[in-house]
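*Asks:* how does the following fold in three dimensions:
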Amino acid sequence: MKKTYFLISAALVCLFFTGALYAKPLPEFNPGDCGGWNIKYKTAPASMPWSSADRIAGARDFLIQGDIINSINYYKALKDSGEWSKIRPEYAMALGAGGMYEPAVNFLDTDRQEEPYGAAAYYYAGWVYHLAGYRDMGRDMWKAAQNGGGYHAYFAKDALNTTNPEKLYCAGKLGADKPLPRYVKSAEPDTAEARESLKTALMYYSEEKYFSAAYAFRKMAEKYPGWVIAYMGCSLALEGAGAFDSARAAAEAAQTITGLGKADGDKVSQRVKELGQIKQSDKEAWMRNKNPELETPGVKDTYVISFGGANMGFGGGGDFSLALSGRLGIMVLKEMEVSLGAGFDTLSGLNLSVGATYRYFIDENYSLNPGTAVIFGVSGDGLSISIALNGGFSWYLDKKSSSADIILSLNKTLVSDDPSVSVYVGTTRYF
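*Replies:* Here you go, the predicted structure:
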């Protein structure tokens, strides 16, 4: 019996370590890499694949090939998956490729607000604006993206180095370039449609949805040339998103409107001057200096506190125990935790522990957690010392402010040949 418990425990713990070594994150994807992407699905199968990995491959393959309907369907089928937050910007591009620009930038605003200095939202915003015909805004998004976090920053640099953006888009042609109207007469439309458009744009801006606000104001300037509030609103929204060059270009276009009153003319000139005074180094530093190294999806907070609602143990002699335990730890690295723990076991009584855990992130929502601990037990029989080899799994919630945890431990005391295995179920809070 002892040997059986030991072999089962060792096999399960080793399984966790093996998973930590060989689990692979979501593959990188660049919609502008027309020749380098290995296409698995050239046509949609009769029924959609069951696994998330195959659905992601299909969605990306169809996007590259210009099969937008199937691409959108495959992305939509992944909304409840653990990978959704990572592929949501790709879904936005699929929407943009289908001409649904406003929903696309809305999704990208969600991404930007969750990860303000990550490159993905800006990189795909550059694509959506290009598809809509607003190439100046698109290029400026790529300028911001290259200073952000993650591999999309490198894709943005490559896109900026391409002189002909038409060569970037694998699935077809980009929208015809539509520059802001210049040298037009000042005009303020007095229609219900214009007022509703302004209301929508202002709502986006007030909610700090700058991608959506910039798109809405740009559409207004295109539809109502000479309406100065559309130009200035677009400039403000672009500045909010860190697209300083296109923000100034929008203000400069407003400066060419003829027939502006003195007050409006002075405001426009002042804005052009202020945006022109921003140094290039400050533009680049806007994201770079605030970027929290988003390439690694680790826990950003420093301290952890954990409480285990149940800890079931099986001894080599067939004994069964229940325990309550908790720990307080510190993240010495982004993925490495050192902690002190305390618990009460129905068999051995009070115990204290010192442990270390490495969190190997499968994606931003899940991690495998191999680790080890030294446990000091205090009971009527005196002090006991044991070594634990741990394998754990965590599911992160509330933008990584907490997690649900399962830990399988193989325990061995220094004075006994009788190993035991325990299963811990608990929750952790990061602060």
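*Asks:* residues in contact with G341?
*Replies:* Neighbouring residues of G341 by Cβ atoms under 8 Å, 6 or more residues apart in numbering: S306, S325, G326, R327, L328, L352, S353, V354, G355, A373. C-beta: built from backbone N, CA, C; applies to glycine.
*Asks:* pretty sure it sits in a strand.
*Replies:* Yes. Counting by DSSP: H, G, I helix; E, B strand; the rest coil, G341 is part of a strand.
*Asks:* distance of it from A144?
*Replies:* G341 is 44 Å from A144, where distance means Cβ to Cβ, to the nearest Å.
*Asks:* that's a strand at S353, yeah?
*Replies:* Yes. Assessed by three-state DSSP, S353 belongs to a strand.
*Asks:* okay, now E284: neighbour count?
*Replies:* As a burial measure, E284 scores 16 neighbours (other Cβ atoms under 10 Å).
*Asks:* got the CA coordinates for the helix or strand it falls within in PDB?
*Replies:* E284 is part of helix 280-288, with elements assigned from DSSP states H and E. Provided in PDB are the C-alpha atoms of helix 280-288 (Å, rounded to 0.1, in the frame of the first residue of the first chain):
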ATOM      1  CA  GLN A 280       9.900  63.300 -30.600                       C
ATOM      2  CA  SER A 281      11.500  61.700 -27.600                       C
ATOM      3  CA  ASP A 282       8.400  62.500 -25.500                       C
ATOM      4  CA  LYS A 283       6.100  60.900 -28.100                       C
ATOM      5  CA  GLU A 284       8.100  57.700 -28.100                       C
ATOM      6  CA  ALA A 285       8.300  57.700 -24.300                       C
ATOM      7  CA  TRP A 286       4.600  58.100 -23.900                       C
ATOM      8  CA  MET A 287       4.100  54.300 -24.100                       C
ATOM      9  CA  ARG A 288       7.700  53.000 -23.600                       C
END
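*Asks:* chain center to that helix, what's the gap?
*Replies:* Counting by Cα atoms, centre = their mean, to the nearest Å, helix 280-288 is centred 21 Å from the centre of its parent chain.
*Asks:* read off the pLDDT value for G349.
*Replies:* If you check G349, the pLDDT there is 73.
*Asks:* now do A310
*Replies:* We have a pLDDT of 52 for A310.
*Asks:* now P45, what's its secondary structure?
*Replies:* Using three-state DSSP, the structure places P45 in coil.
*Asks:* neighbours of it, how many?
*Replies:* Neighbour count of P45, defined by other Cβ under 10 Å: 9.
*Asks:* quick check: can you list the domain ranges of the protein?
*Replies:* Using automatic domain parsing, the domain ranges for the chain come out as 2-6+297-430, 31-178, 187-295.
*Asks:* now the helices for the protein?
*Replies:* Using DSSP state H, the helices of the chain run over residues 2-22, 52-65, 68-76, 84-97, 101-114, 119-132, 135-145, 152-160, 192-206, 210-223, 228-240, 244-255, 262-276, 280-288.
*Asks:* kindly reformat the ones you listed as CSV containing distance to P419.
*Replies:* Shown next, in CSV, are these (distance: least, Cβ to Cβ, whole Å):
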stretch, distance to P419
helix 2-22, 5
helix 52-65, 37
helix 68-76, 47
helix 84-97, 40
helix 101-114, 44
helix 119-132, 46
helix 135-145, 52
helix 152-160, 47
helix 192-206, 60
helix 210-223, 56
helix 228-240, 59
helix 244-255, 63
helix 262-276, 68
helix 280-288, 51
